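A.B. asks: following is a predicted model, sequence given first.
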Amino acid sequence: MGDLPSDWVGTPGAWLNFTLTNLTRSDLLTKGELIDKFGAANYAVFALMLCVSAGIGLYFWWKGQNNTEEFLMASRSMGTIPMTLSLVASFMSAITLLGTPAEMYVSGTQYIALAVSYPFVMGAAAHLFLPVFDAL
C-alpha cells in the first residue's frame, strides 16, 4: 500500500477496496499534471475574459442608471431574447459553470442526460415562472 495518495482521508484498507473496484479511472491526470498543462494561452484567455467582463461593467457604470427600476427591471423594455438569456443565465450558477467540466472529465459522457433535460426544464420555467415575473 505504498501508493496511498497523500490527500486520501480514508483508511489504507478503504483505499485498497476503492482501487479494486471499477470506480477508479487510470487515465485521469493528477493535480500537478493539470497545473502544468495550464499554460500561457490559458492564462491569456482567462485574462481576456476578465478584461471583457470588467469592460462591460465599467461601460454600464459610466453610462449610469437613472433610478432603481431602470436598473432592476430594465425600464420594462427588455425584448424576448435578452429576457430568455437572463432566464438561462439564472439557471447556471457559478458552481454549475465550474463543476460541469470537472464532472465531464471524471464521469464521461453520462452527464449528457442533464444537457438533454435542460431544455425541458427551461421551457417549464419559462411557462410557469416568467408570466409571474412579467406581471410584476
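C.D. replies: Yep, that arrived.

A.B. asks: strands of this protein, residue ranges please.
C.D. replies: With strands called from DSSP state E, the chain shows none.

A.B. asks: quick one: low-confidence residue ranges for it.
C.D. replies: 1-2, 22-25, 65-66, 71-73, 75 (pLDDT under 70).

A.B. asks: how near is residue 84 to residue 113?
C.D. replies: For residue 84, the distance to residue 113 under the criterion C-beta to C-beta, to the nearest Å works out to 23 Å. Glycine gets a C-beta too; all of them are placed from N, C-alpha and C.

A.B. asks: one more: residue 19?
C.D. replies: Here residue 19 is placed at a distance of 27 Å from residue 113 (C-beta to C-beta).

A.B. asks: okay, the two: which has more neighbours?
C.D. replies: When residue 19 and residue 113 are compared for neighbours, residue 19 comes out ahead with 13 against 9, by other C-beta atoms under 10 Å.

A.B. asks: which residue is nearest the centroid of this structure?
C.D. replies: For the chain, residue 97 is the residue whose C-alpha lies nearest the centre (C-alpha atoms, centre = their mean; 0.6 Å).

A.B. asks: now that one: how far from residue 89?
C.D. replies: As judged by C-beta to C-beta, residue 97 and residue 89 stand 10 Å apart.

A.B. asks: and what of residue 116?
C.D. replies: If you measure residue 116 against residue 89 using C-beta to C-beta, the figure is 20 Å.

A.B. asks: what sits against residue 117?
C.D. replies: The neighbourhood of residue 117, defined by C-beta atoms under 8 Å, 6 or more residues apart in numbering, contains no residues.

A.B. asks: from residue 95, how far out is it?
C.D. replies: The gap separating residue 117 from residue 95 is 18 Å, by C-beta to C-beta.

A.B. asks: what's the answer for residue 128, then?
C.D. replies: Taking C-beta to C-beta as the measure, residue 128 falls 23 Å from residue 95.

A.B. asks: between the two ends of stretch 82-102, how far is it?
C.D. replies: 29 Å (C-alpha to C-alpha, to the nearest Å).

A.B. asks: from here on, call the first residue 35.
C.D. replies: With the count now opening at 35, the last piece we talked about shows up as stretch 116-136.
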